[in-house]
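K.L.:
have a look at this prediction, sequence included:
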Amino acid sequence: MLENYLVSKNYSLKLKITVKTIVSLIIIVLALVLPQITHAFFESRGGILLLPMYLPIILCGCLLGFRYGLVLGAISPLISFGFTSFFQNPMPALNRLPFMMFELMVIGFVSGLFSNKINKNKNYAFVAVITSLLIGRLAFLISIAIFGNLVNLPLTLIVSQIETGLVGLTIQSLALPFIIVFINYLLNKSKENE
């Protein structure tokens with residue numbers, strides 16, 4: 001979406017990189033702040049219930065494409081872990097970190113595959129969100145099934161947490177496509193006005 005906008009404006013490569021860097025930093029800040037807000041209101045169960053880090057990563061993929069979605073999906077939980085470790089309450093927990101990185105990489109990559117399609121047809125925002133969430137959760141579940149015992153994450157615990165997370169998946173499946181469509185509308189409106 002954003003790439004199409006930047007190309008339509010004939011911006012220089014330097015300006016394109018600057019804009020994408022700023023948007024990436026905003027995504028990382030959201031991925032750091034949203035879980036903190038969620039945990040402040042819903043305590044430790046908030047992350048499992050609402051899945052707050054998914055929102056910025058899906059936005060990243062849809063706005064910036066699959067490469068950015070993949071990279072920011074990987075580094076956002078790592079940055080969150082590093083930052084929150086200073087306060088003696090690392091999020092995500094160390095034993096969950098690699099699984100969350102993998103899941104968010106998949107979510108960012110899959111949502112990013114729809115970036116150009118959304119620009120042509122806004123209804124792809126719904127497909128992008130739902131597909132990336134489902135494939136991401138499946139990737140998480142498979143990775144836990146294979147490697148979870150190595151880090152004391154039993155599959156039964158994860159399955160119950162995935163069931164709890166259906167609330168967050170439902171909310172994001174309903175709300176995120178409209179946010180993406182609105183951003184796309186603003187980008188297209190800006191193109192038309194010049």
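P.N.:
It's in.

K.L.:
and the pLDDT at the residue nearest the centre of the chain?
P.N.:
Central residue of the chain (C-alpha atoms, centre = their mean): residue 57, 1.8 Å from the mean position. Predicted confidence (pLDDT) for residue 57: 98.

K.L.:
ditto for residue 193
P.N.:
67.

K.L.:
try residue 133
P.N.:
97.

K.L.:
any idea how far it is from residue 21?
P.N.:
26 Å (C-beta to C-beta, to the nearest Å). Just so you know, the C-beta spots here come from the backbone N, C-alpha and C atoms, and that holds for glycine as well.

K.L.:
just residue 154 next, same as before
P.N.:
40 Å.

K.L.:
do residue 96 as well
P.N.:
Applying C-beta to C-beta, the value for residue 96 to residue 21 is 28 Å.

K.L.:
swap in residue 176?
P.N.:
With distances taken as C-beta to C-beta, residue 176 is found 23 Å from residue 21.

K.L.:
between the two, point out the one with more neighbours.
P.N.:
Neighbour totals were compared for residue 176 and residue 21, and residue 176 leads with 23 against 10 (other C-beta atoms under 10 Å).

K.L.:
any idea which element the more buried one lies in?
P.N.:
Assigned by DSSP states H and E, residue 176 falls within helix 166-192.

K.L.:
in that helix, what counts as buried?
P.N.:
For helix 166-192, burial by neighbour count (16 or more other C-beta atoms under 10 Å) applies to 168-169, 172, 176-177, 179-181, 183-184, 187-188.

K.L.:
which one of those is nearest residue 140?
P.N.:
residue 169 (11.8 Å; C-beta to C-beta).

K.L.:
CA atoms of stretch 154-166 as PDB?
P.N.:
Only the C-alpha atoms of stretch 154-166 are listed here, as PDB (Å, rounded to 0.1, in the frame of the first residue of the first chain):
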ATOM      1  CA  PRO A 154       3.300 -28.200  27.000                       C
ATOM      2  CA  LEU A 155       1.000 -28.400  24.100                       C
ATOM      3  CA  THR A 156      -2.100 -28.600  26.300                       C
ATOM      4  CA  LEU A 157      -1.300 -25.300  28.000                       C
ATOM      5  CA  ILE A 158      -0.800 -23.600  24.600                       C
ATOM      6  CA  VAL A 159      -4.000 -25.000  23.200                       C
ATOM      7  CA  SER A 160      -5.900 -23.600  26.100                       C
ATOM      8  CA  GLN A 161      -4.200 -20.200  25.600                       C
ATOM      9  CA  ILE A 162      -5.000 -20.300  21.900                       C
ATOM     10  CA  GLU A 163      -8.700 -20.800  22.900                       C
ATOM     11  CA  THR A 164      -8.500 -17.800  25.200                       C
ATOM     12  CA  GLY A 165      -6.900 -15.800  22.400                       C
ATOM     13  CA  LEU A 166     -10.000 -16.300  20.200                       C
END
